[in-house]
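1. can you look at this prediction? I've put the sequence above it.
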Amino acid sequence: MSDKISVNGNEYRLEDAVRLGLVEPKHTPDVGVVPSEVWTVPEIEVWADAHGIDLAGAKTKAEKLAVIADFEYAAPPAS
């Protein structure tokens with residue numbers, strides 16, 4: 001599930017606000033490594049499995065990429 005944030009009276013999903021440059025990310029994903037639209041579904045699934053991301057509820061490529069984006073913009077685990 002995605003966090004929501006209010007910026008200048010408008011509500012955004014956190015990852016959308018980051019992508020629009022309205023807020024700074026909690027950490028910056030390595031875009032050279034994060035799957036994108038050009039990847040195949042099997043490639044995305046292998047990458048997600050290797051990174052411990054559960055894609056069980058995601059059926060389409062877009063849904064799988066959204067789960068990964070939500071994971072990438074989530075706060076890193078506390079040390």
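-> Yep, that arrived.
2. I'd assumed Thr60 was in contact with Glu37.
-> No. With contact defined as Cβ atoms under 8 Å, Glu37 does not reach Thr60; the gap is 11.7 Å. C-beta coordinates here come from the backbone N, C-alpha and C atoms, glycine included.
3. the bottom helix or strand of this structure by mean pLDDT?
-> Every helix and strand in the chain was compared by mean pLDDT, DSSP states H and E; the lowest is helix 14-19, with a mean of 71.
4. list the contacts of Tyr12.
-> Counting by Cβ atoms under 8 Å, 6 or more residues apart in numbering, Tyr12 touches Lys4, Ile5, Ser6, Leu20, Leu22.
5. among those, name the buried ones.
-> Buried by 16 or more other Cβ atoms under 10 Å: Ile5, out of the contacts of Tyr12.
6. can I get the contacts of Tyr12 in JSON lines with secondary structure and pLDDT?
-> Output for the contacts of Tyr12, formatted as JSON lines (DSSP: H, G, I helix; E, B strand; the rest coil; pLDDT from 0 to 100):
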{"residue": "Lys4", "secondary structure": "strand", "pLDDT": "79"}
{"residue": "Ile5", "secondary structure": "strand", "pLDDT": "79"}
{"residue": "Ser6", "secondary structure": "strand", "pLDDT": "82"}
{"residue": "Leu20", "secondary structure": "coil", "pLDDT": "74"}
{"residue": "Leu22", "secondary structure": "coil", "pLDDT": "77"}
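7. lovely, talk soon.
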